[in-house]
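J.: fold the following, please.
(chains A, B, C and D)
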Number of protein chains: 2
Amino acid sequence: MANETSYKDKKVITIGIVSELTGLSERQIRYYEERKLIFPDRTPGGSRKYSFSDVELLMEIAEKIEDGVQTHEIRKEMTRSKKKLTPEEAKRRMIQGQLNVQFGLRKGPFS
Amino acid sequence: MANETSYKDKKVITIGIVSELTGLSERQIRYYEERKLIFPDRTPGGSRKYSFSDVELLMEIAEKIEDGVQTHEIRKEMTRSKKKLTPEEAKRRMIQGQLNVQFGLRKGPFS
DNA sequence: TAACTATGTAAGGAAATCTAACATGTTATT
DNA sequence: AATAACATGTTAGATTTCCTTACATAGTTA
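T.: Okay, the predicted model is just below:
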């Protein structure tokens, strides 16, 4: 009942497009998956599918990599920030959720 | 300066996924393009790319087709409604635009 | 020095998409 | 009624996109 999902989290983007969007090579994107930083869905045929959230995350990862942070460090940071998020961020997310309900797709398949 | 675009209008979805999302066959989706109801982008290699807005539009088209409306009628309706939209809808869209600015992607490539 | 990290590249194969053409049942038009 | 247009399926062959695996390598860590 809670936690409605919107466009942002729908996994519909193939790796080629993600590569274009992020500027990362497909090699890099697959590697970050191997290092458990990103978790695409798959088509029945086995092609990877990403969401806009994934694209955002990949860009954050790219920044950290550029700053010399290693994948396993990034992984730790991620599990850490997944655990406890600031009250402000929590509130912001709840508001966003409300907005999604109010103004999101009407009767579409993305609610 | 005005008219910022968000996830919803980014053309990043391939036809197979659109087909899944809408329940339409790829044949149908290509045909509606031929009838000028939908306008996907293309990759350099020539593959079609759609946005979530396109997906929504396709679902509306599908409904009308089911109701027996012909493509060229739908086309007329579309150009007509593109011209003048109700004040309520206009207002709703402006509010939505504001929300995108407030709560959309921070410094990402989709603003 | 030996292992690990991050990335490139190549090969071969499979999946996804493309266009064009033909078939068909259903609606319009004449 | 005959002809044309509409909407969709299907097939074929070509091209694009994606997959995994493996090897190479420069830089980093142990």
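J.: where do the helices sit along chain A?
T.: Here chain A has its helices, by DSSP state H, at A:15-22, A:26-34, A:52-66, A:71-83, A:87-103.
J.: just send those back as CSV, with distance to B:Glu63, mean neighbour count and mean pLDDT too.
T.: C-beta coordinates here come from the backbone N, C-alpha and C atoms, glycine included. Rendered in CSV, the data for the helices of chain A read as follows (distance: least, CB to CB, whole Å; neighbours: other CB atoms under 10 Å in any protein chain shown; pLDDT from 0 to 100):
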stretch, distance to B:Glu63, mean neighbour count, mean pLDDT
helix A:15-22, 28, 19, 98
helix A:26-34, 37, 15, 98
helix A:52-66, 26, 18, 97
helix A:71-83, 40, 12, 87
helix A:87-103, 21, 13, 58
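J.: to B:Arg27, which of these lies closest?
T.: helix A:15-22 (23.0 Å; CB to CB).
J.: for DNA strand D, what's its nearest residue on chain A.
T.: A:Gly16 (2.3 Å; CB to the nearest atom of the strand).
J.: one step back: out of the helices of chain A, flag the one nearest A:Ser6.
T.: When those are compared by CB to CB, helix A:87-103 sits nearest A:Ser6, at 4.7 Å.
J.: residues contacting A:Ser51?
T.: With contacts defined as CB atoms under 8 Å, 6 or more residues apart in numbering or on different chains, A:Ser51 is in contact with A:Lys8, A:Asp9, A:Lys10, A:Lys11, A:Val12, A:Ile13.
J.: need the helices of chain A in TSV with distance to B:Asp67, can you?
T.: What follows is the helices of chain A, written out as TSV (distance: least, CB to CB, whole Å):
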stretch	distance to B:Asp67
helix A:15-22	34
helix A:26-34	43
helix A:52-66	33
helix A:71-83	46
helix A:87-103	27
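J.: ok, the residue in chain A positioned nearest to DNA strand C - contacts?
T.: Of all residues in chain A, A:Gly45 sits closest to DNA strand C, at 2.1 Å by CB to the nearest atom of the strand. For A:Gly45, no residue counts as a contact, taking CB under 8 Å, 6+ apart as the criterion.
J.: distance of it from B:Tyr50?
T.: Shown here: A:Gly45 relative to B:Tyr50, a distance of 19 Å by CB to CB, to the nearest Å.
J.: need the contact list for A:Glu73.
T.: Applying CB under 8 Å, 6+ apart, we find A:Glu73 in contact with A:Lys64.
J.: the residue nearest to A:Ala62 when sequence neighbours are not counted: what's it in contact with?
T.: Residue nearest to A:Ala62 in three dimensions, not counting chain neighbours: A:Leu24, with 5.9 Å by CB to CB, 6 or more residues apart in numbering or on different chains. A:Leu24 makes contacts with A:Val18, A:Leu58, A:Ala62, as judged by CB under 8 Å, 6+ apart.
J.: turn these into a markdown table, columns for distance to A:Gln70.
T.: Conversion of the contacts of A:Leu24 to a markdown table gives the following (distance: CB to CB, whole Å):
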| residue | distance to A:Gln70 |
| --- | --- |
| A:Val18 | 22 |
| A:Leu58 | 16 |
| A:Ala62 | 14 |
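J.: if we can go back for a sec, ramachandran coordinates for the residue of chain A closest to DNA strand C?
T.: According to degrees, to the nearest 10, the main-chain angles of A:Gly45 amount to phi -80, psi -10.
J.: lovely, talk soon.
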